[in-house]
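1. this is a predicted model, with the sequence first.
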Amino acid sequence: MTRVNLASIIEGHPDDAVAIVSRGKPTSYGALREQVGALRGGLAGLGIERGDRVAIVYANNRFFVVTYLATLGLGAVAVPLNPASPSAELERQLADVGAAVVVVGPTGRDAVAGVDPSGTALRTVVTAGAAGGAARLEDLLEADPAPMVDVAEHDVAVLVFTAGTGGAPKPAVLSHGNLSANLAQVQAHPGRRVDGGDVLLGVLPLFHIFGLNVVLGLGLSAGASVVLVERFDPVASLDTILRHEVTMVAGAPPMYAAWTTLPGANPGAFATVRLATSGAAPLSDEIGPAFQARFGVPIHQGYGLTEASPVVAASPADRPPRPGSIGFPLPGVDVRLVDEEGEDALVGDPGEIWVQGANVFSGYWQDERATAHALTPDGWLRTGDVAVADADGFLYIVDRSKDLVIVSGFNVYPAEVEDALMAHGGVAQVAVVGNPHPHTGETVVAFVVPAAGRHLEEDELIEFCAGRLSRYKCPTKVNFVESLPVGVAGKVLRRQLRSTR
């Protein structure tokens, strides 16, 4: 059995080469290896062992990277979580994965402090500067180094919250082999290879699989430099690209839209960029050409999902992108388009994307029912996305068969928002859909049937959600209705609601 640890991606690169830039300060590969080794020792001193779950509630900075690699190096399981999440959401997620330790930065410290540990498996909270009985991250970074452990390809490396084809978010199980395979697959795709001389913009959140594996993982495995940005700002990010001579930019469509429409943007801001890629949501037909006209760089689309570690298909970067296309499958990734009868769709006909390959996950954490729904008995991942293929094998997304809403590249699952709203005593029924939005791609809209005799205000329900969910998941519009449209089987007709403004 092949034994590999994903944390070894930082091994073998020159000691003095810059691995990451965090808050303007570079960290070399030699220094990063020392810090990761020390934190392995520090976490081991807390009793962390193979298979234990370590939650990482940090923004995009050096501490996230060191904690992530140290966790993997011990054979433990990293669980990256959104540091902007409220306490209630973090508490659910920590309980779901049975996290033994949470390592938290300043942004998420108050939210973690509000978590009731009695409903979780938490033993220790680790934070920089430490307060309230937490362990000091700085002390753990001074520990005697511990060696990296051997793991098998199928051993779990990361749990990333997603929801597959529907329902509330659940942790997708990604192994060392899954993540490593996708790195190799991306590197083998035409024009996509990253090398040691590249500088990657690390602005995509590292709690999202796109930022975690496609940017951080790919950059470090290639010996490149990753410039970490803690929050996206159109003006500041353009300055970062120029100042650090970034060569590769990976982003979500709202980022490219913001740059394209930014007044007074320097047309030479992307002069050093040789590859700009877009994923996490569809890129509109208007933004790609407008961005290229303004900055002289084409945008190459890709497609993926958490369960595939994440990249499935990508526009080949050695030729001009085809408008509207997500390209073709990566080497080593098999894709079928399956029609409603379960047969392979003909060229030009729509079919659900099914995926198979070493990058495809083994299932959802301790959820056999959801796993069986996502994976066929012979290992094909049903994505819930519908595409057509042209005669050259290029794919075009035409629909989603799932009720997913994508806000600024982040997945929002209607069931989760509906559950949060139903916790309000004044809500009798609710349905959530996504409506188009010029800046975020989509926005969350709720249709609420008030309980008998109750008067509700829109702002009241939006704020109620904000106490339970991350802001991007909260409705921006609440429509009060007398009833919800349902089909003959009693299922809410979301398509009918989407047409309601």
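-> Nice, thanks for sending it over. Residues are numbered from 1 along each chain as shown.
2. in the protein, where's the longest helix?
-> Ranked by number of residues, the top helix in the chain under DSSP state H is helix 29-45.
3. list the buried residues for that helix?
-> For helix 29-45, the neighbour count (16 or more other C-beta atoms under 10 Å) marks 29, 31-44 as buried. The C-beta positions use only the backbone N, C-alpha and C, and glycine is treated the same way.
4. can you tell me how far the residue positioned nearest the centre of the chain sits from residue 456?
-> Against the mean C-alpha coordinate of the chain, by C-alpha atoms, centre = their mean, the closest residue is residue 208 at 2.1 Å. Using C-beta to C-beta, to the nearest Å, residue 208 is found at 33 Å from residue 456.
5. got it, and residue 246?
-> Applying C-beta to C-beta, the value for residue 246 to residue 456 is 47 Å.
6. same question, residue 262
-> 38 Å.
7. just residue 100 next, same as before
-> For residue 100, the distance to residue 456 (C-beta to C-beta) stands at 41 Å.
8. which of these two has more residues huddled nearby?
-> Taking other C-beta atoms under 10 Å, residue 100 and residue 456 do not tie; residue 100 has more neighbours (23 against 17).
9. confidence score at the more buried one?
-> For residue 100, the pLDDT comes out at 95.
10. my read: it touches residue 51, true?
-> No. Counting by C-beta atoms under 8 Å, residue 100 stays clear of residue 51, with 9.8 Å between them.
11. list the contacts of the residue nearest to the centre of the chain.
-> Residue 208 makes contact with 160, 280, 409-410, according to C-beta atoms under 8 Å, 6 or more residues apart in numbering.
12. report the two of those residues separated the most.
-> 160 and 409 (14.4 Å; C-beta to C-beta).
13. low-confidence ranges in the stretch 251-400 of the chain?
-> Under the criterion pLDDT under 70, the flagged ranges of the stretch 251-400 of the chain are 400.
14. mind listing the helices for it?
-> Counting by DSSP state H, counting those that start in this stretch, one finds helices in the stretch 251-400 of the chain at the ranges 253-260, 287-295, 368-374.
15. residue 439: which of those helices is closest?
-> Taking the helices of the stretch 251-400 of the chain one by one with C-beta to C-beta, helix 253-260 is closest: 6.2 Å.
16. run through who's touching the closest one.
-> 203, 232, 234, 237-238, 265, 269, 276, 278, 280-284, 287-288, 290-291, 294-295, 299, 408-409, 438-441.
17. please flag which of the residues you listed sit within strands.
-> Judged by DSSP state E, strands contain the following of these: 276, 278, 299, 441.
18. now, which of the residues you listed sits nearest residue 119?
-> The closest of the ones in strands among the contacts of helix 253-260 to residue 119 turns out to be residue 441 (C-beta to C-beta; 34.6 Å).
19. so for that closest one, what's the pLDDT?
-> On the pLDDT scale, residue 441 gets 80.
20. before we move on, what about the one 10 residues further on?
-> The confidence metric pLDDT takes the value 82 at residue 451.
21. what about it, how many neighbours?
-> Neighbour number of residue 451 under other C-beta under 10 Å is 13.
22. over to residue 169?
-> Residue 169: 22 neighbours (other C-beta under 10 Å).
23. could you find the closest non-adjacent residue to it?
-> Spatially, and ignoring its direct neighbours in sequence, residue 169 is nearest to residue 161 (4.4 Å; C-beta to C-beta, 6 or more residues apart in numbering).
24. distance of residue 262 relative to residue 290?
-> For residue 262 relative to residue 290 (C-beta to C-beta), the value is 12 Å.
25. likewise for residue 135?
-> Residue 135 is 49 Å from residue 290, by C-beta to C-beta.
26. try residue 217
-> Applying C-beta to C-beta to residue 217 and residue 290 gives a distance of 31 Å.
27. neighbour count: those two, which is higher?
-> Neighbour comparison, residue 217 and residue 290: the larger count goes to residue 217, with 24 against 17 (by other C-beta under 10 Å).
28. residues in contact with that one?
-> 6, 9, 179, 183.
29. mind running it again at 10 Å?
-> 6, 9, 68, 158, 179-180, 182-183, 186, 206, 209, 211, 226, 309 (C-beta atoms under 10 Å, 6 or more residues apart in numbering).
30. give me the number of residues near residue 494?
-> As a burial measure, residue 494 scores 16 neighbours (other C-beta under 10 Å).
31. equivalent analysis for residue 106, please.
-> The number of residues packed near residue 106 is 13, by other C-beta under 10 Å.
32. and if you look at the one 5 residues further on?
-> Here the number of neighbours of residue 111 (other C-beta under 10 Å) works out to 21.
33. distance of it from residue 378?
-> Taking C-beta to C-beta as the measure, residue 111 falls 42 Å from residue 378.
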